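S.K.: Kindly return the folded structure for what I paste below:
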Amino acid sequence: MKAFSLSARRALLWGLAVLLGSCTDPYMPDVITSPEALMVVDGYLNSQGVTTIRLSRAYGIAAKTAPPAETRATVYIEDEGGARVVLRESSTAGTYVSDNVTLNPARNVRLHFRTATGKEYASDYVPVKTTPPIDAVKWRIENNDLNIYVDTHDDTSASQYYRWETDETWEIYPVYSPGIEYSNGGIRPISARLPSICWGNQRSNAVHIAKTTGLTKDVVADFPLRRLPANSERFYSRYSILVQQQVLTRPEFEYWTLLRKNTESIGSLFDPQPSQLTGNVHCLSSPAEAVLGYVGAHSLVEKRIFISRADLPRDQRVLTGYEACVPPDTVYISGPRAARSPEATILRNAFLSQLYLPLGYVVNNGSTGYTAKPRDCIDCRTRGASVKPSFWP
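M.R.: From the prediction side, this is the model:
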């Protein structure tokens, strides 16, 4: 059983790594162990739709548990004229949403909230920006990679500062469909079939920003959003990417620029050093208290594209994602081969924890058993969701 032997070798290497790692003393600077839990404000004021704001607390690396979400807060949007839009707490703790509203573009607006303990916070007043449409989301295969780009423009030259977010979805087809299952200490015909298709999903946490202030026209062309190997399993059947575009003010753009440098451009002596990240949210009750987050006000535009396997070149080989799962292992439970298979006892224990699943029966020269593989090779729900997305064709 080569797969089992490989797992054993990996376990041995992992054990050695633990032993070696135990020879070093961890270094935890005082700033990391600080008990202070700073308020974190995540979201923006949607000028033409639903606003979603998440309130939480930052915590140190040494903390054993994350602080609870900031619940039962009173949250609202207010403009300089005094008009307010109330946000209510959703079923997700610490997440507050508004109704579908349109903010007055002639008035500056801000976020204002009060915590359950009575502390009051507010962002700076900011202008309401209108985001222009996305002209195109397109893709090309270049040097064995599939690259995805976005185009946009603003004839009024009022945008200039752009930010994008992406949300990817793809189909997952498992390579096995088991006919048996382990239950009550034995093998029996499977009672409920596992899903034959799932959908993977990944929302990007990369910071995609661009500005056109140095150009004669407010035009963004071929801005790179995503690069994937052209043979990625995400293109095995059907893949989709949703691109969301926002227009920022200059201060908000500078905030995201600094955030990108702090999170993506560190790691060597020649990279920019981490900088103090200050947003536009303040504690009115305690002005010296630092608050993390920047709240802007703008509309959101979206564009989704699909890429099917048939859209790729015919000679383009695409992975299934299950290459390491083939071939299946064989576990003999009776006959001469069972005596030479000490792995069977270990695998039976794995069945009890549902980490290893049987696939089908095997009869070979007087020995009987079954084929099996880890759950991740059989149940696609370990890699995605079995519920079809509402936007999927």
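
S.K.: which residues of the stretch 151-300 of the chain score low on pLDDT?
M.R.: The stretch 151-300 of the chain contains residues with pLDDT under 70 at 265-276.

S.K.: Please enumerate the helices of it.
M.R.: 250-264 (DSSP state H, counting those that start in this stretch).

S.K.: now swap in the stretch 1-150 of the chain and tell me
M.R.: Using DSSP H, counting those that start in this stretch, the helices of the stretch 1-150 of the chain run over residues 2-21.

S.K.: for it, which spans come out with low pLDDT?
M.R.: 1-36, 60-64.

S.K.: Okay, strands next: where are they in it?
M.R.: For the stretch 1-150 of the chain, applying DSSP state E, counting those that start in this stretch gives strands covering 39-43, 45-46, 48-49, 52-57, 74-79, 84-89, 95-97, 101-102, 109-114, 120-123, 134-142, 145-153.

S.K.: Quick one: closest of those strands to Gly296.
M.R.: strand 45-46 (7.0 Å; CB to CB). In short, each C-beta sits where N, CA and C put it, glycine included.

S.K.: What is the helix or strand containing Val363 packed up against?
M.R.: Of the helices and strands defined by DSSP states H and E, Val363 is found in strand 356-364. Where contact means 3 or more CB pairs under 8 Å, 6 or more residues apart in numbering; DSSP states H and E, strand 356-364 is packed against strand 180-183, strand 329-334, helix 343-352, strand 367-374, helix 375-378.

S.K.: on that earlier part again, the strands of the stretch 1-150 of the chain: which one's closest to Ser386?
M.R.: strand 95-97 (25.0 Å).

S.K.: how far does the closest one sit from the chain's center?
M.R.: Taking CA atoms, centre = their mean, to the nearest Å, one finds strand 95-97 lying 19 Å from the centre of the chain it belongs to.

S.K.: Kindly report the same for stretch 164-183.
M.R.: Relative to the centre of its chain, stretch 164-183 is centred 17 Å away, using CA atoms, centre = their mean.

S.K.: Show the end-to-end separation of that stretch, please.
M.R.: One end of stretch 164-183 to the other measures 48 Å (CA to CA, to the nearest Å).

S.K.: List the buried residues for that stretch?
M.R.: Buried residues in stretch 164-183, counted by 16 or more other CB atoms under 10 Å: 164-166, 168-172, 174, 176, 178, 180-182.

S.K.: ok, back up a step: now the strand holding Val363 and strand 329-334, what's the angle there?
M.R.: Put simply, strand 356-364 runs at 60 degrees to strand 329-334, going by axes from the mean of the first three to the mean of the last three CA atoms, to 10 degrees.

S.K.: For strand 356-364, buried residues please.
M.R.: Neighbour count says strand 356-364 has 356-359, 362 buried, by 16+ other CB under 10 Å.

S.K.: Same list as before, these that is, but in a markdown table and with distance to Val247 and pLDDT included.
M.R.: Converted to a markdown table, the buried residues of strand 356-364 look like this (distance: CB to CB, whole Å; pLDDT from 0 to 100):
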| residue | distance to Val247 | pLDDT |
| --- | --- | --- |
| Tyr356 | 52 | 82 |
| Leu357 | 50 | 88 |
| Pro358 | 55 | 88 |
| Leu359 | 53 | 92 |
| Val362 | 62 | 90 |
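
S.K.: For the helices and strands packed on strand 356-364, which has the smallest mean pLDDT value?
M.R.: Comparing mean pLDDT across the helices and strands packed on strand 356-364, the weakest is helix 343-352, with a mean of 64.

S.K.: Let me see the contact set for the nearest residue to Pro68 once chain neighbours are set aside.
M.R.: Leaving aside its chain neighbours, Pro68 sits nearest to Ala93 (7.3 Å; criterion: CB to CB, 6 or more residues apart in numbering). Residues in contact with Ala93 (CB atoms under 8 Å, 6 or more residues apart in numbering) are 68-69, 71.

S.K.: Just among these, which is most surrounded?
M.R.: Using other CB atoms under 10 Å as the neighbour test, the contacts of Ala93 are led by Ala69, with 15 neighbours.

S.K.: number of nearby residues for the residue nearest to that one when sequence neighbours are not counted?
M.R.: Computed as CB to CB, 6+ apart, the closest residue to Ala69 that is not its neighbour in sequence is Gly94, at 2.7 Å. Here the number of neighbours of Gly94 (other CB under 10 Å) works out to 19.

S.K.: wait, Gly94 sits on Leu55?
M.R.: Yes: using CB atoms under 8 Å, Gly94 is in contact with Leu55, at 5.1 Å.
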